[in-house]
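# predicted model and sequence follow; I will ask about them next.
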Protein chains: 2
Amino acid sequence: MSKSDLALLDQQYATIRDLSHAESMLSWDQEVMMPPGGAEARATSLAALAGALHEKQTAKDHVKLVRKLDKAKAELPARGRRSVEIAVEEVRKATSLPPDMASELALAKSRALQGWKSARADNNFKAFAKHLEHLLELSREVARLEAPKRDVYDALLDHYEPGASMAELGPLLDRLEELTVPLVRRMAKVRPKPSPKPLAGKYPVDGQVRFVRQVVEAMGIDFDRARLDTSTHPFCGGDGPGDVRLTGRWNERDLRQGLYGAIHEAGHGLYEQGRSPKVARSPLGGAVSMAIHESQSRLWENMIGRSKPFWRHFLPKAKALFPEALKASNLESVWRSANAIAPTMIRVEADELTYNLHIILRTGIEQELLDGSLKVKDLPKRWNARMQEMLGITPKTDSDGCLQDIHWAMGAFGYFPTYSIGNLYAAQFMEAARVALPDLDAQVAKGQLLPLREWLGSQIHRHDRLYTAGQLVQRVTGRPLSVDPFADYIESKVVSLS
Amino acid sequence: MSKSDLALLDQQYATIRDLSHAESMLSWDQEVMMPPGGAEARATSLAALAGALHEKQTAKDHVKLVRKLDKAKAELPARGRRSVEIAVEEVRKATSLPPDMASELALAKSRALQGWKSARADNNFKAFAKHLEHLLELSREVARLEAPKRDVYDALLDHYEPGASMAELGPLLDRLEELTVPLVRRMAKVRPKPSPKPLAGKYPVDGQVRFVRQVVEAMGIDFDRARLDTSTHPFCGGDGPGDVRLTGRWNERDLRQGLYGAIHEAGHGLYEQGRSPKVARSPLGGAVSMAIHESQSRLWENMIGRSKPFWRHFLPKAKALFPEALKASNLESVWRSANAIAPTMIRVEADELTYNLHIILRTGIEQELLDGSLKVKDLPKRWNARMQEMLGITPKTDSDGCLQDIHWAMGAFGYFPTYSIGNLYAAQFMEAARVALPDLDAQVAKGQLLPLREWLGSQIHRHDRLYTAGQLVQRVTGRPLSVDPFADYIESKVVSLS
């Protein structure tokens, strides 16, 4: 073990990251640019890339080096130790899968994605069922091979939230559900209801794109290292920190969808752009976890973007772009419109209160699908029943129900809980930010969003994967993850809207 | 040797082609979509991909299989024999290079491309010189390793025009120069000169894109399997037949640049879309050669797009989109404008007569650079002197001179002659098409471009690499490649313009 072994590890990782870069970019292109005729060639190409990546991750010299470093870990400086920790974990996962499995999984995902797109367009759950069945099968197999002693769901969750388990996250989600349900009921009784107007009005797409670019540039998105395009399902893709690909979608009758979708993705984008270029191709390069990533997007989307100070600065700018839609509006009505709370069928359009119920519903259902207690064919019925139970509404079609999300079509089981956990992290980080930046509201009201971006950058973004999620939240907020900050935040929001 | 060995070869090739797909798409993205901040990560990613591809092409089991099949080639059916021939050639080239060379070359190319872009923007040849030096060095090394007994230039030419040599192509280019120079002189004396107006007028970009889409759809471009975007340097990228990426650029003061650029790229695109999906991932999948590819683009661009029958159909459509610019025009004036012949600094804007002189100039200069008789530092001087000699004009800046083309920045030495050879093939194929389709002009005048597309598809596109360029031209036209058809074509064009 020597310093040059660590340098060699970085060098081997550079190639791994370079191939991941190709995967990320091709996946972005698949969603945003590719014509339909390219689907099959893209599926096999992504599969071949996954295979090549798996070969690098399981190459004899790489595995040998990682094991050698692992044995001598105690002698390494902290950063080196963390690098090795990450590499050990990735090597363990990769070597537990047979060579062809990585390609097979990639191929199944691309095909399921195509199948889901048409099933959703045609409201034809049956056409998607066989893909879902196949992906569940493969995912169970992956979990069994990667972590034979762990619960299947935990093994999959680990892909998105390293080291987490439902034993730890489950109680947090339970408490979140408990506090949310009475607040939803309370909001249902508020009269007059917070009106979705004026933001639900006539907003030409051109103006929306211009407005959104103003907002995300104020947040600090650097368009020399990013793009903003249109896609069916908004997301933040690409490969940070140099090449972030934001996408949005625009609803001509509602500014909120495009605006809050874009602020959300820009929150992810700031995390990616804030990562250190120096470690980007090393084991340390990357995001801590999906929940930490989500904390950044939700913090910007909800805690900043739906706040009064935000609209104090941006309403005049919006009025200049949309004089017609906003002519009778004022700060209060726009702020209430941005915070209209009411159950909805569609997760990505949900308000910040009911949103977590959508997540808890999906988390429960995917656990049932994986452990076999729910059959794929019974999914639509189960979905609709749970929607009725939790939100008091029932989708009219599966396209607006269990077919609405892309995640299961990508085989991303275990991803959903990270959204709500992200909301919890967001509130806890925001509490700390308010202590560090006592003038935050005044700054936001002047459109000065960069101090918050800088604080998040120095506290979270620039460390890449140096700390685990648990270490990070402790470091930034002085205590472990808790539901309390979110409870305080959302209760006071509901009170102020009542 | 058995049929299953051939099936195994196809299977191994599928992975090779899948990784090439990734390379093609990332290269397209690099030119068309990537923000500047992504350049460095893209360079290393393309290098890693080139490395992974080289590994597959030189993998022991692959090389062994190809050698086994080669020994038993005589027993194979024709298609299988051709597959093996192609594989043997590719294995020979790949195995002659050391493992790291493929990545090193890819990295040098990406970096030179970046260097060229800024050098061209700043008119700073010196900044590009070191990149060019390095690429020339690497290319000489590649040629020496791949084909130690061949001339360096022929070895590089072989990448684009398999099996060709300057001993064979040189005399064709000489004859082309001989016949062109007096025609250029003759055109210079024509009074009144063919005026670039009305097509050099005010053409809003929106309308150009709409018009160009009408034209290329009439040619048969299927947009379910293609895109059309904007880039600095128009090209046809992507990965046929399912996912073709056309790009164009638009000049608001001249319809010809955007229109003829797009028809040209659509000619390439039709070739790609016309290839057989069945063999796309096998050794047979792909284009015969760059000159055959270029024959398709030049045939559509010049022989169709600059013809009177073409404008007979499309002028009314253009008038509907550009009533102002075309109000005083008629078929004759538009046709003359499309065929205005006069020396120009820029190759991609050159008319079809002087175009070949641009190519002959570049071919000579790159031969001199490679054999060392011309030093990189003396390139601008040499370029300008040759421009004066051949075209009677001298560029004011290197950006409009030796920095104008992307090819040398991509290390594509030996590519240029394929453009002029493509013009020769185009004329020879067109002669055969006129025999097969006696009503061609009447069809084109009615906007019926599909019969020609079908003929080209059945004669050329759908065979992929089943025939060599020499075999193909013999098969389609009944004789070997000759300068005569182009000479006849261009002389009669000059006569009709005089």
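Right, received. Where do you want to start?
# please settle this for me: is residue A:466 part of a helix?
No. Per DSSP: H, G, I helix; E, B strand; the rest coil, residue A:466 lies outside any helix segment and is coil.
# correct me, but it touches residue A:80?
No. Counting by C-beta atoms under 8 Å, residue A:466 sits too far from residue A:80 to count as a contact (11.0 Å). All C-beta atoms are positioned from the backbone trio N, CA, C, and that covers glycine.
# residue ranges of the helices in the stretch 101-250 of chain A, please?
Per DSSP state H, counting those that start in this stretch, the stretch 101-250 of chain A carries helices over the ranges A:125-146, A:152-160, A:166-189, A:205-219.
# okay, the ones you listed in CSV with distance to residue A:305 and mean neighbour count next?
Converted to CSV, the helices of the stretch 101-250 of chain A look like this (distance: least, C-beta to C-beta, whole Å; neighbours: other C-beta atoms under 10 Å in any protein chain shown):
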stretch, distance to residue A:305, mean neighbour count
helix A:125-146, 33, 18
helix A:152-160, 24, 22
helix A:166-189, 19, 15
helix A:205-219, 8, 18
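# who wins for proximity to chain B among those?
Closest approach to chain B among those (C-beta to the nearest C-beta): helix A:205-219, 13.4 Å.
# does the closest one reach chain B?
No. For a cut-off given as C-beta under 8 Å from any C-beta of the partner chain, helix A:205-219 has no contacts with chain B; the smallest distance is 13.4 Å.
# residues touching that helix, excluding its own?
Here helix A:205-219 makes contact (C-beta atoms under 8 Å, 6 or more residues apart in numbering or on different chains) with A:223, A:228, A:246, A:248, A:250, A:252, A:255, A:258-259, A:262-263, A:266-267, A:269-270, A:300, A:305, A:314, A:317-318, A:321-322, A:447, A:449-450, A:453.
# filter these down to just the ones in strands.
A:228, A:246, A:248 (DSSP state E).
# now the last one, nearest residue through space, not along the chain?
Residue nearest to residue A:248 in three dimensions, not counting chain neighbours: residue A:262, with 4.5 Å by C-beta to C-beta, 6 or more residues apart in numbering or on different chains.
# the one you found contacts residue A:235, correct?
No. With contacts counted by C-beta under 8 Å, residue A:262 stays clear of residue A:235, the gap being 11.2 Å.
# any low-confidence regions in chain A?
A:1-3 (pLDDT under 70).
# how near is the residue nearest to the spatial centre of chain A to residue B:306?
By C-alpha atoms, centre = their mean, chain A has its centre lying nearest to residue A:294, at 4.6 Å. According to C-beta to C-beta, to the nearest Å, residue A:294 stands 56 Å off from residue B:306.
# got the residues of the stretch 1-150 of chain A near chain B?
So the stretch 1-150 of chain A meets chain B at A:14-15, A:18-19, A:21-22, A:25-26, A:29, A:33-42, A:44-45, A:47-49, A:51-52 (C-beta under 8 Å from any C-beta).
# pull out the buried members of the residues you listed.
A:14-15, A:18-19, A:21-22, A:25-26, A:29, A:33-35, A:37-42, A:44-45, A:47-49, A:51-52 (16 or more other C-beta atoms under 10 Å in any protein chain shown).
# looking at those, which are in helices?
A:14-15, A:18-19, A:21-22, A:25-26, A:29, A:39-42, A:44-45, A:47-49, A:51-52 (DSSP state H).
# next one: stretch A:102-116 to chain centre, how far?
20 Å (C-alpha atoms, centre = their mean, to the nearest Å).
# what sits up against that stretch?
Here stretch A:102-116 has contacts from A:30, A:39, A:42-44, A:46-51, A:53-54, A:94, A:127-128, A:130-132, A:134-135, A:138, A:142, A:403, A:406, A:408-411, using C-beta under 8 Å, 6+ apart.
# return the alpha-carbon coordinates of that stretch using CSV.
Extracted in CSV, the C-alpha atoms of stretch A:102-116 (Å, rounded to 0.1, in the frame of the first residue of the first chain):
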residue,chain,number,x,y,z
ALA,A,102,-25.3,-5.8,-16.4
SER,A,103,-26.0,-5.8,-20.1
GLU,A,104,-29.2,-7.8,-19.7
LEU,A,105,-30.5,-5.4,-17.1
ALA,A,106,-29.7,-2.4,-19.2
LEU,A,107,-31.4,-4.0,-22.2
ALA,A,108,-34.5,-4.9,-20.1
LYS,A,109,-34.7,-1.3,-18.8
SER,A,110,-34.5,0.3,-22.2
ARG,A,111,-37.1,-2.0,-23.6
ALA,A,112,-39.4,-1.5,-20.6
LEU,A,113,-39.0,2.2,-21.0
GLN,A,114,-40.3,2.0,-24.6
GLY,A,115,-43.1,-0.4,-23.5
TRP,A,116,-44.1,2.0,-20.7
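# nearest spatial neighbour of residue A:163, chain-adjacent residues omitted?
Spatial nearest neighbour of residue A:163, chain neighbours left out: residue A:468 (6.1 Å); criterion: C-beta to C-beta, 6+ apart.
# how far away is that neighbour from residue A:82?
Taking C-beta to C-beta, one finds residue A:468 at 9 Å from residue A:82.
# what of residue A:137?
Counting by C-beta to C-beta, the gap from residue A:137 to residue A:82 is 35 Å.
# got it, and residue A:402?
40 Å.
# one step back: give me the buried entries from the contacts of helix A:205-219.
Of the contacts of helix A:205-219, these count as buried by 16+ other C-beta under 10 Å: A:228, A:246, A:248, A:250, A:255, A:258-259, A:262-263, A:266-267, A:269-270, A:300, A:305, A:314, A:318, A:321-322, A:447, A:449, A:453.
# what residues does the stretch 251-400 of chain A have near chain B?
Counting by C-beta under 8 Å from any C-beta, the stretch 251-400 of chain A sits next to chain B at A:280-281.
# these two touch, right, residue A:228 and residue A:246?
Yes. Counting by C-beta under 8 Å, residue A:228 touches residue A:246, with 4.8 Å between them.
# now list whatever residues contact both of those two.
With C-beta under 8 Å, 6+ apart as the test, residue A:228 and residue A:246 both reach A:216, A:262.
# so residue A:145 sits against residue A:97, correct?
Yes. Taking contacts as C-beta under 8 Å, residue A:145 lies within contact range of residue A:97: 5.7 Å.
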